[in-house]
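[1] the amino acid sequence is not available; the structure is as follows:
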């Protein structure tokens, strides 16, 4: 009787264990790049007034950004958060009339540019989990600390900006992950540009 019950348990549990192992070994990939929405650029003609360096970022192995907790699988992205955040902030500055040039983390190519903006991406993650009932929450959080420096400034101007974005869905898709991550990243870029403008780190365009 015990043996028969054990065999029955194996017949029922075996497929579930296999499916669980497959789910644990799978990956959910965020597709494409993260960009800014198409907007008019207000940058006046002339030399760049800001050089935005690649931000540093302590990447997790295999590009893991978070976890799909219900399916027990990592969420990964092939992009580079440090370069992406620098691109987005440079784009947000351009939309606000500040000509910005993008350079590498070593600053090569920034000679003669009045302001250098460098920084570190402290959080760049997206997760998915059940929230009760049939809905699931996809949530992204992005946080950066950046510093503006230049010979015309009295000293370094440092700021930290954090933003979160979430989406309630029935089934989490890769595009859902990209949408919430892009929303959080662009919110950070816009807030970063606002803080830099409020701090008056840029001289008026000539």
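    Looks like it came in fine. Because the structure is predicted, anything quoted here is derived from the model rather than measured.

[2] when you work out contacts or count neighbours from here on, use the C-alpha atoms and nothing else.
    Noted.

[3] what's near enough to touch residue 64?
    Contact analysis of residue 64 by CA atoms under 8 Å, 6 or more residues apart in numbering lists 74-77.

[4] of those residues, which is the nearest to residue 50?
    Ranked by distance to residue 50 (CA to CA), the contacts of residue 64 are led by residue 77 at 28.7 Å.

[5] settle this for me: that closest one is touching residue 33, isn't it.
    No. Using CA atoms under 8 Å, residue 77 is not in contact with residue 33; the gap is 9.0 Å.

[6] which other helices and strands does the longest strand along the chain contact?
    In the chain, assigned by DSSP state E, the strand with the most residues is strand 115-130. Using 3 or more CA pairs under 8 Å, 6 or more residues apart in numbering; DSSP states H and E, the elements in contact with strand 115-130 are strand 50-53, strand 56-57, strand 64-68, helix 81-95, strand 136-149, helix 174-198.

[7] could you give the average pLDDT over the shortest one?
    In this case it means strand 56-57. On average, the pLDDT along strand 56-57 is 97.

[8] how far off centre is it?
    Mean C-alpha position of strand 56-57 versus that of the full chain (CA atoms, centre = their mean, to the nearest Å) differs by 11 Å.

[9] what residues does it touch?
    Contacts for strand 56-57 (CA under 8 Å, 6+ apart): 81-82, 105, 119-122.

[10] could you export those to TSV, including columns for distance to residue 58?
    Compiled in TSV, the contacts of strand 56-57 are given as follows (distance: CA to CA, whole Å):
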residue	distance to residue 58
81	9
82	9
105	14
119	12
120	9
121	8
122	8
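
[11] who has more neighbours, residue 77 and residue 33?
    Taking other CA atoms under 10 Å, residue 77 and residue 33 do not tie; residue 77 has more neighbours (19 against 13).

[12] OK, contacts around that one?
    29-31, 63-65.

[13] neighbours of residue 60, how many?
    10.

[14] distance check, it against residue 124.
    From residue 60 across to residue 124, the span is 10 Å (CA to CA, to the nearest Å).

[15] kindly report the same for residue 178.
    Taking CA to CA, one finds residue 178 at 12 Å from residue 124.

[16] same check, this time on residue 87
    Counting by CA to CA, the gap from residue 87 to residue 124 is 15 Å.
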